[in-house]
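Q: turn this into a model:
(one chain, ligands or ions: 1)
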Amino acid sequence: MQIPHFVRDDKICKLRVMQQERSQRRLLSSEISVIFMFMPDDSTPDGSRVIVHPARDVRGVVRIPGDKSISHRYAMLAAIAEGTSRFQNFSAARDCASTLDCVAKLGCEWKRLKDERGDDGAIEVCGVGPLLEAPTQVLDCGNSGSTMRMLSGILAGQPFSSELCGDESLSRRPMARIITPLFEMGARIEAAEGGRPPLIIHGGPLKSIHYKPEVASAQVKSCVLFAGLFAEGETVVEEPIRTRDHGEIALRAFGAEVERTGNASRIVGGQRLRAIEAHVPGDLSSAAFFLCAAALFPGSQITLPGILMNPTRARLLDILIQMGLKISVAHLEEHQGELVGTIEARGTAWKGAVIAGADTAALIDEIPVLAAVAPYSDGGLEVRDAKELRVKESDRIAAVAANLRKMGAEVEERPDGLRIPGGQHLHGAELDSFADHRIAMAFAVGALRAEGETTIRGADAAGVSYPAFFEELETIAGR
Ligand code: S3P
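A: Reported below is the predicted structural model:
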């Protein structure tokens, strides 16, 4: 089947506005309205659980907070730029607050501002130029792998030592992938056993490298390119599979020259960055939860204004269209090199898909929610080449399989993926977020079509990327 592309190879291709006869609206056996409740729960470490009741459909408009990947990069680059940067729609994620906390400990002042709608969604960051202040405290990255990995690239080029730590989940995550290139560039890095956090980075003069990472990772690419700003000569990162390019785009927005040929990105050291004003596009990975919720119910209709349409992220839309969701994109614009558009989505039949190879890398953050709704599809879902999912905020392959099984689903767990047959009927159950934001949100969506109520323990994890998620889902769930 020919997969329609909205955006391909950095060019806006002809948009297809898809029309389809409204399909017969199928009411689910349970017609109980959706209720989300945050309940105190002493048995989970973060003391929160949410109860999700089935829905009939989803409808409405959701304003998705700013993209997390872009917000991290903007905050870090603004810190080492000259002048004051301002960002509208900066991500509300706890992860991005960790980045802001770290840059503040490195001598960079920032504050929240009222945005265009009078909310606290904007920030101002006073750049201090390339040389930050030596921190007097440990830099706590919380749950955020992006903060630790990308900030390390900047810290490697600073004339001081700094220590980065994280929460329990981050302390289990692999850091050798950034330690290896930064060591080759001349930084000395101490880590816990197995190359895990905490990290102590002894920064200093760096030399450029041509780095070919084994793992396709945008965080690693950004880390090395950020370090490349401080290195003598030209640093090249040549990826096995092309990953999201927000690092390159943000560096260019701040005035640096970054070239890309094929899968190789290059930067010459010593370039100075200038402050910018930017509007952060809505996070497509957060939008994915609402798109998958719409896919669950024929007749659903949602509008998501101002969403990131970067081609390295928008593969999700192709796959959703292939699976049967009717999607159109309007009001395409470019903000600081990033494409933005308004997504309209309508639920119809929900077909299956196989996600493998480069698609797996492109959809890595969306696989949990695609998996949570897969049992209700006609053809199910097969995910291959996804062993990276085992080292995310949780082991997402195991977490998805465990929760689906609790809901009565048949699921095959593989070392590097999952196979979930379609056409299944699931029941509500008591599920765990595994302290992972994407697992908490994915199963709140999947629970909308289950028979009976579902409890998600540790639901507060959602705040790591999307603090208002459950309230927003409630506003669109059909009663
Ligand atoms: C991200 C890259 C991906 C993604 C993460 C955000 C980024 O991680 O899973 O949520 O902002 O660059 P990897 O770089 O580990 O693939």
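
Q: return the residues of the stretch 151-300 of the chain in contact with the ligand.
A: 217-219, 222, 244 (Cβ under 6 Å from any ligand atom). All C-beta atoms are positioned from the backbone trio N, CA, C, and that covers glycine.

Q: now render the residues you listed as JSON lines, adding neighbour count, distance to residue 174 and secondary structure.
A: Formatted as JSON lines, those follow (neighbours: other Cβ atoms under 10 Å; distance: Cβ to Cβ, whole Å; DSSP: H, G, I helix; E, B strand; the rest coil):
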{"residue": "217", "neighbour count": "22", "distance to residue 174": "10", "secondary structure": "coil"}
{"residue": "218", "neighbour count": "24", "distance to residue 174": "15", "secondary structure": "helix"}
{"residue": "219", "neighbour count": "23", "distance to residue 174": "11", "secondary structure": "helix"}
{"residue": "222", "neighbour count": "32", "distance to residue 174": "16", "secondary structure": "helix"}
{"residue": "244", "neighbour count": "26", "distance to residue 174": "19", "secondary structure": "coil"}
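
Q: let me know the closest of those to residue 258.
A: residue 222 (10.8 Å; Cβ to Cβ).

Q: which residues does the closest residue to that closest one other than its chain neighbours contact?
A: Excluding the flanking residues, the one nearest residue 222 by Cβ to Cβ, 6 or more residues apart in numbering is residue 247, at 3.3 Å. Applying Cβ atoms under 8 Å, 6 or more residues apart in numbering to residue 247 gives the contacts 73, 150, 218, 221-222, 225-226, 265.

Q: check which helix or strand residue 247 maps to.
A: Per DSSP states H and E, residue 247 falls inside helix 246-253.

Q: mind checking the SS state of whichever residue of the stretch 1-150 of the chain sits closest to the ligand?
A: Proximity of the stretch 1-150 of the chain to the ligand (Cβ to the nearest ligand atom) peaks at residue 69, 3.2 Å away. Classification of residue 69 using DSSP: H, G, I helix; E, B strand; the rest coil returns helix.

Q: could you do the one 3 residues further on as well?
A: Judged by three-state DSSP, the three-state class of residue 72 is helix.

Q: so what's it up against?
A: Contacts of residue 72 by Cβ under 8 Å, 6+ apart are 91, 95-96, 99, 144, 146-147, 150.

Q: dump the residues of the stretch 151-300 of the chain next to the ligand into JSON lines; add pLDDT as well.
A: Formatted as JSON lines, those follow (pLDDT from 0 to 100):
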{"residue": "217", "pLDDT": "98"}
{"residue": "218", "pLDDT": "98"}
{"residue": "219", "pLDDT": "98"}
{"residue": "222", "pLDDT": "98"}
{"residue": "244", "pLDDT": "98"}
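
Q: what sits closest to the residue of the stretch 1-150 of the chain closest to the ligand if chain neighbours are left out?
A: With Cβ to Cβ, 6+ apart, the residue lying closest to residue 69 is residue 246, at 4.9 Å.

Q: I'd say that neighbour and residue 225 touch.
A: No. Checked against Cβ atoms under 8 Å, the pair residue 246 and residue 225 is beyond contact range at 10.9 Å.

Q: point out where the chain drops to low pLDDT.
A: Where the chain drops to pLDDT under 70, the residues are 1-47, 479.

Q: could you pull out the helices for it?
A: For the chain, the helices defined by DSSP state H occupy 68-79, 94-105, 145-155, 168-171, 176-185, 218-228, 246-253, 284-295, 315-322, 358-362, 367-373, 396-406, 437-446, 469-476.

Q: what parts of the stretch 351-479 of the chain come near the ligand?
A: 364-365.

Q: if we can go back for a sec, redo the contacts of residue 72 as CSV? Include neighbour count and distance to residue 232.
A: Shown next, in CSV, are the contacts of residue 72 (neighbours: other Cβ atoms under 10 Å; distance: Cβ to Cβ, whole Å):
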residue, neighbour count, distance to residue 232
91, 30, 34
95, 23, 32
96, 28, 31
99, 29, 27
144, 29, 30
146, 24, 27
147, 29, 27
150, 30, 21
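
Q: among those residues, which ones lie close to the ligand?
A: Okay, of the contacts of residue 72 touching the ligand (Cβ under 6 Å from any ligand atom), that's residue 146.

Q: which one of the contacts of residue 72 sits closest to residue 355?
A: residue 146 (22.4 Å).

Q: skipping adjacent residues, who's closest to that closest one in space?
A: Per Cβ to Cβ, 6+ apart, closest to residue 146 is residue 72, 4.8 Å.

Q: now residue 419
A: residue 412 is the one closest to residue 419 (Cβ to Cβ, 6+ apart), at 4.2 Å.

Q: can you pull the contacts of that neighbour?
A: If you count contacts by Cβ under 8 Å, 6+ apart, residue 412 has them with 418-420.

Q: what's the answer for residue 81, then?
A: 127, 129, 254-255, 273-276.

Q: returning to that earlier point: now the helix holding residue 247: buried residues?
A: Going by neighbour count (16 or more other Cβ atoms under 10 Å), the buried part of helix 246-253 is 246-251, 253.

Q: looking at the residues you listed, which two lie furthest apart in space?
A: 247 and 253 (10.9 Å).

Q: ok, and what's touching stretch 218-225?
A: Here stretch 218-225 has contacts from 69, 73, 145-146, 149-150, 152-153, 177-178, 181-182, 185, 209, 211, 213, 235, 237, 239, 243-248, 251, 258, 265, 267, using Cβ under 8 Å, 6+ apart.

Q: now restrict those residues to buried residues only.
A: Taking 16+ other Cβ under 10 Å as the criterion, what is buried in the contacts of stretch 218-225 is 69, 73, 145-146, 149-150, 152-153, 177-178, 181-182, 185, 209, 211, 213, 235, 237, 239, 243-248, 251, 258, 265, 267.

Q: who in the stretch 1-150 of the chain is up against the ligand?
A: 69, 146.

Q: if we can go back for a sec, got the contacts of residue 247 as a markdown table, with distance to residue 445 columns?
A: Compiled in a markdown table, those are given as follows (distance: Cβ to Cβ, whole Å):
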| residue | distance to residue 445 |
| --- | --- |
| 73 | 27 |
| 150 | 29 |
| 218 | 25 |
| 221 | 30 |
| 222 | 29 |
| 225 | 34 |
| 226 | 34 |
| 265 | 34 |
